[in-house]
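1. Fold the following, please.
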Amino acid sequence: MLVVNRFRADADDAAFRADLEKALEVLSAQRGYEDGRLGRNVDDPGLWVMVTRWRDVGSYRRALSSYDVKLGAVQTLSRAIEEPSAYEPVEPGLDGDLNTAVPRDLGAR
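-> Modelled structure (predicted):
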């Protein structure tokens, strides 16, 4: 699962960048987190993006419920532009197998 959060901030807002980096660090410690990146738009430096990849939707939702994420990331994530943020990866070989139910695996990271 991909999560794409876009943010609007002042182009030279170093504190906002630090907040994004901290939020990504906190998210990266959660079970089911696979990868994450921050980016800034090349044409509009006030537009930022945080893209994270999760094992499944449940992993992401449980991460948002964790105490550490509530303390260290939710305040920053709440500044995201209000739009749908959860995406299902479309990869070669899936042949239209999108939105399929996957059983939970509580033991994996």
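
2. Flag the shaky bits of this protein, pLDDT-wise.
-> Flagging of the chain using pLDDT under 70 yields the residue ranges 94-109.

3. Helices along that one, start to end?
-> 14-28, 57-65, 67-72, 74-77 (DSSP state H).

4. any chance of those in TSV, with mean neighbour count too?
-> For glycine as for every other residue, the C-beta is placed from the backbone atoms N, C-alpha and C. What follows is these, written out as TSV (neighbours: other Cβ atoms under 10 Å):
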stretch	mean neighbour count
helix 14-28	16
helix 57-65	17
helix 67-72	13
helix 74-77	16
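
5. Relative to Asn5, which of those helices is closest?
-> helix 74-77 (6.3 Å; Cβ to Cβ).

6. Relative to the whole chain's centre, how far out is that closest one?
-> How far helix 74-77 lies from its chain's middle: 11 Å, per Cα atoms, centre = their mean, to the nearest Å.

7. Format the CA atom coordinates belonging to that helix as PDB.
-> The C-alpha coordinates for helix 74-77 follow below in PDB (Å, rounded to 0.1, in the frame of the first residue of the first chain):
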ATOM      1  CA  VAL A  74      -0.100  13.100  13.800                       C
ATOM      2  CA  GLN A  75       0.300  16.900  14.300                       C
ATOM      3  CA  THR A  76       2.400  17.200  11.200                       C
ATOM      4  CA  LEU A  77       0.200  14.700   9.200                       C
END
